[in-house]
Structures are given as structure tokens and as C-alpha cells.
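Visitor: Sequence first, then the predicted structure, then my questions.
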Protein chains: 4
Amino acid sequence: MKTPASKSTPPPFDRERQYAAKRRAVIFAAGAAFRKQGYHNTSMVEIARSLGLSKAALYYYVKSKEEILYNCHIMVYDAMDISVKAVRGNKGTGLEKLENLYEEFVKLLTRDGLALLADIGGLKGDFKKTVLMRRGKIERAVTRIVIAGMKDGSIAKADPKVTVFFFMGALNWLNLWFEPGGRLSGEEIAQAFVAQMRAGIAGPKP
Amino acid sequence: MKTPASKSTPPPFDRERQYAAKRRAVIFAAGAAFRKQGYHNTSMVEIARSLGLSKAALYYYVKSKEEILYNCHIMVYDAMDISVKAVRGNKGTGLEKLENLYEEFVKLLTRDGLALLADIGGLKGDFKKTVLMRRGKIERAVTRIVIAGMKDGSIAKADPKVTVFFFMGALNWLNLWFEPGGRLSGEEIAQAFVAQMRAGIAGPKP
Amino acid sequence: MKTPASKSTPPPFDRERQYAAKRRAVIFAAGAAFRKQGYHNTSMVEIARSLGLSKAALYYYVKSKEEILYNCHIMVYDAMDISVKAVRGNKGTGLEKLENLYEEFVKLLTRDGLALLADIGGLKGDFKKTVLMRRGKIERAVTRIVIAGMKDGSIAKADPKVTVFFFMGALNWLNLWFEPGGRLSGEEIAQAFVAQMRAGIAGPKP
Amino acid sequence: MKTPASKSTPPPFDRERQYAAKRRAVIFAAGAAFRKQGYHNTSMVEIARSLGLSKAALYYYVKSKEEILYNCHIMVYDAMDISVKAVRGNKGTGLEKLENLYEEFVKLLTRDGLALLADIGGLKGDFKKTVLMRRGKIERAVTRIVIAGMKDGSIAKADPKVTVFFFMGALNWLNLWFEPGGRLSGEEIAQAFVAQMRAGIAGPKP
DNA sequence: TATGAATGAGTATTCATTCAT
DNA sequence: GATGAATGAATACTCATTCAT
């Protein structure tokens, strides 16, 4: 049974939740527009209108356009960090871990409205620094898994950096052509991408 | 032996050549900046300064900033078209053709200062339409080769579109991390990319 | 002895008093901020926060930011008017009256948190007209006293307007450097200012 | 006789001069508006229109509105510094030096379109810091002269700071009521102000 | 050819103010 | 009485582009 909340003063908890939800909505709406048209080709008015808000109302939820872009990036890296952590605990060869991780990445980008934004040029100062740091962190984590795979023989020996960049590049490209609800589901793309990635780097069968 | 051109009235041919050369210089300088910082983060002043020109002087060689971006795109697709034509005449399986083509693409993008620019959002109207058309043309050409490969058994059966997007994505990503004169030569990257691409899609060994 | 007011229904008199007191508090808090940072560099949010209120709550006590500024000005002129009236009834030479009045003015501005605000530009329409009128009224009253002093020989003959502006200017400057609780008390400044003013304009000793 | 300058390429010296002159014009026009209406009540469009320029053209001559205000302040302090230096070399009592200096100050502010702007609140960061520093420097220089005068007996002993603030205040007030071309010339005001200042602080006649 | 000067159109951002609850 | 949410109007600033010289 619920405690009857007095209607005159809604619990502050709800307020905060509503606020957070709307802030998220703003960032996601903006992120979608950024992905489709690019950061600089998307004006704050457009974002506002897509949410049925006035331009000024946006600033109640976010500090600046740049902060929105920053958060778009950060959300992706947060989600990726979680996937990385999850995979680290797994048993299995480097290749198996990489497959799991890569599948997560593809699903992330096709399912949650998140996007690996290329518009890093729109960020300056600390925003830029932080995002580059986060990207580097992910790249290093993936590279470490690849190197481990090369050691245990599950991944063919090669320059790890080039190897990583090759299949990570496909993720970025995803933003530009994947349409939710299109002919191909995210799941199908994930299967296909993982298969190609695996076949492209797998070591010799024992 | 060359006829010494009188200095006062250089042959009009030289004039045109000079003009064309300078125009190319403008477009390449701009393209390099676009690739590094993005179209909208690069001002005409910057481009001018990087060439030792005044802002206004640019407009003697190009009609607009958008036209520069347009030409950057077109130059890539022109070069790619040539590679496509060259490969079409070759003998060999679909996979072999694809390998040749892909190698050409990587070399193109690492050697000639050309870049597969993502800033399509900066283009409007006919500029945009044309560029999208050219991109589509290349994609279809590559896809046709892949399909042929699937028929002749050299490439494993799968959704051709996803297959193509996977390894074409890596090309776009190239822009963002490849530094001419860095640790890895374009040649090396080309070898590695081709190897991964091939392994990722090759059909069962007969 | 006071009648103990029942808590549930406080006499309407208290209501009004409370309201007036709070309104005064808003105006004084705003005035202090205006003096320190200027009208346009002080936002309504700042004023609200300095009183522990929400931005919207201010509007329960005042109609607009401009009205606050207007009232700040008016309060000074009201107080000055009282001083002028008090001095008018006095006996003595023009110089003596002027000394009394000037002392009152300095005390007013150092003691009561009032300030001779320079931000008249922030006022428009009737607000501006009224404030300028009140300022003119004070200036004329002071000038009349000076002229009387010149007639009775207590003040040296000179252009009365320049004379007045000279020592009135010092009052305005006061806002910008006087800090309550600083090294110098308002009383001390008053003594010093009056002395300099007097010496500067006194007529020849008889 | 003039050297006939080739018309096609005017000497760069002229260019620079023209540019500097226009920049000065912008700053003076803005300064005049700031004085009359206040910094925040003056928009860049207004300034531009008063010069027959477009808003954007202003930015060819100045970096920002704040930079204009900064320069307005600095020009006054530069001029004052020169006066201070000139007076320092003089012979005479402290009082005599002060008279000379004060006269210069009044003339400066009534003659050259310069103004002792009160809108320091419009400045931030280094701009503000520098202006406050410059103001402090002037105040200290004046105070030193006053102290010297107190030592040599030409100025009556009193708190030097209050003494200085009293007559410096009149200068600031000047901005708000002095109209070039009005009833009183700058020269006349200077005479009157100096007389009142002197009489107000002079030491006992020997 | 080349440039200094000027501009129009667009954009992010701020802030006083209102209103439903 | 009080506030969270929303908005309209204003404003500084940028930048690609033009044009007289």
C-alpha cells in the first residue's frame, strides 16, 4: 500500500526524478540530431522544437550546447566502461572476450540511441581533454584484450593497434548509416560484425 | 628544348596551369584542415593564413567554402572510380578483385592527402545530392564485387550490405587517427587492413 | 501591556507590517548589491539568494527589478527631504545651515545602508522622470541655501551651481569606497567632509 | 613639395594611421555613450549606428564590448599618469603641486571627451584587475602629494585618504552633469574646482 | 591579382518575468 | 505564500562573403 502523498507538495524525490528524466530527454534528442546532421548543423532552436520546448527552456536543463555534446560522448564511454568491466571477469581466450565485448558495443550503439559522435572538434578545453581521455581508456582496454589474445594464440599475431582500429572503425561508421527500425535489426548487425571481426583476426586453428 | 617564354607575356597555358595549381593547393590545404578539425571548426581565415594568402584572395580560386568541401569529396570519389574501373578489367575471383580494390583505397587515403570526409552535413542542395550519389555509386560497385565473390565462392555468403559497411567503415575511421609520417606507413596499414578484411569475409577454402 | 495575539489568526495589522518589513528587506538587500556591483551586474537570482528566497518569491514583494531601483533612489531622496526641511527651520547663516545639512547627508549615506545610486540609466519612463525630478529638487534646495549664504556673507561669492556640484560630487563617490565597519567611521568621515566643504566655500572672516 | 605617391598602392603607413584613427573614433563614440547612458544601457548596435557603421564592422576595430570599456578607462589613466609625471618635476609646495595636478585633471575630463567611468562592474578578470591597479596608482600618487603638503605645512593636517577622496569624488561626478558647450566652460569649472579644493585643504597662513 | 574594409545573416546565451500548482 | 518550470525579448559575437581600389 502506498503512503498517500499530499497533493499540494509533491515529494522532492519525484521532482528530482522528473528533472533528471527531462535532462536526459534533452541530451538524447540533441544527440540524435547531432548524429544525423552533425553538431554544428544543429541549432539549439531545432533541439528545443523537437522537444516542444522553447529555446530558453533548454537552458534550464543544460548549461550549454557544448555541455550537451560532452554528455553525449560521456554516456557512450560510461556504457562501454561497464561492458569492459563485465568482460574482464569472464573466463575464456582473448578472442572470446573480444567477441563478447564487440557484440556489446554494437548492441549499445544500435539499441540505446547512443552514438559514437565524431564531432570532437565541437569540444574545447576540459571537455575535449576529458573525452579524449575516455576514448583513449577504451582503446587501451580493447588493445590489452587483443594483446592477451595474441599471447594465448587465439588471435593472430599482428600490430595490435592497427588490428583494433580496423574493427573499431566500423563502429563509428555505424552512426552514419544505421537506422533503427530499418531492414536490419541491431541484433543481426551485431552477429555479422562479430563474425567478420572474429574471422579477420582469429589465430590458426589448433 | 623549351622555348624561352618572354616574361612580359607568359603563354596563357601557363596562366591556366598556375591557376589550376593554386586552386588545387587551396582545396588540399582546406581538406587537410577539415580532416583534422572538422569543416565548421575551420574558418576561411585559417585556410588563407595556412597558404600565406589573405582571406579575400581565396575567393579568386574558389567560389565558396561549401564548394571547397564539395571538391574535397569529389576528388576522393574520382580517384576511387578510377580504381574501380581498373579492377573491373582484372581477372580473378571476386575476393581477389576486392583485395586489390581495398588496397588501392587505403593507399589513396594515406598517400594523397585525400580524406573521406564525414562532414556531409556541411553540404546542401545539389552539392549534397551529388556527393551522396557518388558515394552510393562507389558502395554499389563494391557491393557488386562482393556479390560476385559470393557467387564464385571466394567470399562467404552473408548480407552483402553489412559485409561492405563493415570494412568500409574502417576507411572512414582512418581519417581520424592516421598521421602521415607516423610510426606506421600507409603501405603497412594497407597490408594489415587487406589481410583482416580478406580473412573476415573469405569463403571456405576449397 | 500587549494583548497576546492568538496564533491562528494574527491581526491583519501584523500581516501588513510583516509584508512591509519583508519588502524593505528586499529593497535594502538589492540596494546593497546594486551599490557594490551595479544594477545590471546584479541579477534577481542573486538578490533572492542573498535573502534565502526563490527568484519567483521576490515578485510577491516587488513588481519589478526596475521598481526596486526606483525605490532605492526614492528612499534616499525622502530622507534628504526630511533633512532639508529640518534645516530650513534653523536659525543661523547660510553656511551654518549648509554645514548641518551636509553632515546629515554624509551620515545618511554611511549609516542607513542607503546609497546615492549612479545607475539612473537603469530607469525608464516615469521612473526616470520622477527620480530626476527628486534629484533636481534636492539640488535646488541646496543651491538656495548656498545662495542665501552668499547673500549673508557667510559663503564666498561664486557660481552657485559649480559650488554645489563640487561638494555634492564627493557624496556620490562615497558609494564606491566607503565600507561600513572599515577603518573610518561614518562620523569621522562626516566631520572631515564638512570641514573641507566649509573651508572650501566660506566667505571672508568678518 | 610632396612626393607623388602612386595611387594604386597607398603607403601602408597611411593604412595603419587610418585604422588607428577609426579605432579611436569607435572607442570615443562608445565612451561618450557609456558616460551618458551607462555601459549596459548601450548596445553595440547603437555605437555602430552612431558612427554610420554596421554592427559587425565594429569588430574589425575592437575585439569586444568589454575591451572598449577597458580602453576608455585606460586612456584616462594614461593621461593622468602624464599629468602626474609633469607635476612631480615642479618646484613648489605640496599644495601648489596639487593645484596644478587637479587643474589638469579637470581640464582633461572636460576637454578631451575622456570620462572617469563608474562602470567598473562591466569589467571582469584581467581587465578589471588592471583598471583597479591603475586607479590605485593614481590615488596613491595624489595621496603622496597631499602627504608631502602636510609635511611642508602647505596643507592642513588631516586623514590624507579622506582628504583625497573628497576632492577626487567631484571629478567623478563631473561625468554626470558636465555638457561640453554648455553654460560653463571647462576652464571656468577648473578654476572654481581648484579654488574650492585649495581653500578646503590649505594649511594655516604663515 | 590581391587586399582592407565592410556587412548580413545566423547563433548561443542571459535574464527578468509569469503562472500553474 | 512560495516555487519549479517555462518563455520572450534582447544582445554580443562570428563568419562567409563582397567590393572598391
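Guide: Received it, and whenever you're ready, just let me know what you need. Numbers count the residues shown, from 1 in each chain, chains lettered A, B, ... in the order given.
Visitor: which residues make contact with the helix or strand that contains A:Tyr70 from outside it?
Guide: Applying DSSP states H and E as the criterion places A:Tyr70 in helix A:65-88. Residues lying outside helix A:65-88 but in contact with it, judged by CB atoms under 8 Å, 6 or more residues apart in numbering or on different chains, are A:26-27, A:30-31, A:34, A:39, A:44, A:47, A:62, A:97, A:100-101, A:104-105, A:108-109, A:112, A:114-117, A:119-120, A:122-124, A:127, A:130-131, A:134-135, A:137-138, A:141-142, A:145. (Each C-beta comes from the backbone N, C-alpha and C, glycine too.)
Visitor: And DNA strand E, is it touching that?
Guide: Yes: applying CB under 7 Å from any atom of the strand, one finds that helix A:65-88 is in contact with DNA strand E at A:65-66.
Visitor: Tell me the helices and strands packed up against whichever helix or strand comes after that helix.
Guide: Next helix or strand after helix A:65-88 toward the C-terminus (DSSP H and E): helix A:94-111. If you count contacts as 3 or more CB pairs under 8 Å, 6 or more residues apart in numbering or on different chains; DSSP states H and E, helix A:94-111 packs onto helix A:65-88, helix A:125-151, helix A:160-177, helix A:186-201.
Visitor: Please spell out which residues along stretch A:72-91 are buried.
Guide: A:72-73, A:75-77, A:79-80, A:83-84, A:87 (16 or more other CB atoms under 10 Å in any protein chain shown).
Visitor: pLDDT and distance to B:Met197 added to the residues you listed, as a markdown table?
Guide: Listed next are these as a markdown table, based on pLDDT from 0 to 100; distance: CB to CB, whole Å:
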| residue | pLDDT | distance to B:Met197 |
| --- | --- | --- |
| A:Cys72 | 97 | 30 |
| A:His73 | 97 | 28 |
| A:Met75 | 97 | 31 |
| A:Val76 | 96 | 26 |
| A:Tyr77 | 97 | 27 |
| A:Ala79 | 97 | 28 |
| A:Met80 | 97 | 24 |
| A:Ser83 | 97 | 25 |
| A:Val84 | 97 | 26 |
| A:Val87 | 95 | 25 |
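Visitor: what angle separates the helix-or-strand element of chain A with minimal mean pLDDT from helix A:65-88?
Guide: When each helix and strand of chain A is scored by mean pLDDT, DSSP states H and E, helix A:160-177 comes last, with a mean of 89. Using axes from the mean of the first three to the mean of the last three CA atoms, to 10 degrees, the direction of helix A:160-177 lies 130 degrees away from that of helix A:65-88.
Visitor: Return the nearest residue of chain A with respect to chain D.
Guide: Residue of chain A nearest chain D, by CB to the nearest CB: A:Gly125 (15.7 Å).
Visitor: Next one: that residue from DNA strand E, what distance?
Guide: Distance, A:Gly125 to DNA strand E, using CB to the nearest atom of the strand, to the nearest Å: 12 Å.
Visitor: burial measure for that residue, as a count.
Guide: Neighbourhood size, A:Gly125 [other CB atoms under 10 Å in any protein chain shown]: 8.
Visitor: per-domain residue ranges of chain A.
Guide: Domains of chain A are assigned by automatic domain parsing as A:11-62, A:64-201.
Visitor: wait, which of those domains is closest to DNA strand F?
Guide: Proximity to DNA strand F (CB to the nearest atom of the strand) singles out domain A:11-62 among the domains of chain A, at 2.6 Å.
Visitor: What separation do you get for the most centrally placed residue in chain A and A:Ala192?
Guide: Chain A has A:Val76 as the residue nearest its centroid, 2.6 Å off, counting by CA atoms, centre = their mean. Using CB to CB, to the nearest Å, A:Val76 is found at 21 Å from A:Ala192.
Visitor: what about chain A, any weak spots by pLDDT?
Guide: By pLDDT under 70, the weakly predicted segments of chain A are A:1-12, A:205-206.
Visitor: who in chain A is up against chain B?
Guide: Within chain A, the positions near chain B by CB under 8 Å from any CB of the partner chain are A:37-41, A:118-119, A:121-122, A:156, A:158-159, A:161-163, A:165-174, A:176-177, A:184, A:188-189, A:192-193, A:195-202.
Visitor: One more pass at 7 Å, please.
Guide: Taking CB under 7 Å from any CB of the partner chain as the contact definition, chain A meets chain B at A:37-38, A:40-41, A:118-119, A:121, A:158-159, A:162-163, A:165-166, A:168-170, A:172-174, A:177, A:184, A:189, A:192-193, A:196-197, A:199-201.
Visitor: Which of those are buried, as a PyMOL select command?
Guide: With 16+ other CB under 10 Å as the burial test, the buried ones among the residues of chain A next to chain B are selected in PyMOL as follows:
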select buried, chain A and resi 38+40+41+118+119+121+158+162+163+165+166+168+169+170+172+173+174+189+192+193+196+197+200+201
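Visitor: Report how many residues lie close to A:Asp126.
Guide: Residues near A:Asp126, counting by other CB under 10 Å, number 9.
Visitor: The one 4 residues further on too?
Guide: For A:Thr130, the count of nearby residues is 15 (other CB under 10 Å).
Visitor: cool, the one 10 residues further on as well?
Guide: The criterion is other CB under 10 Å. On that basis, A:Arg140 has 11 neighbouring residues.
Visitor: Show residues contacting the least confident helix or strand of chain A.
Guide: Helix A:160-177 has contacts (CB atoms under 7 Å, 6 or more residues apart in numbering or on different chains) with A:35, A:102, A:105-106, A:109, A:115-116, A:118, A:139, A:142-143, A:146-147, A:150, A:193, A:197, A:201, B:165-166, B:168-170, B:172-174, B:177, B:184, B:189, B:192-193, B:196.
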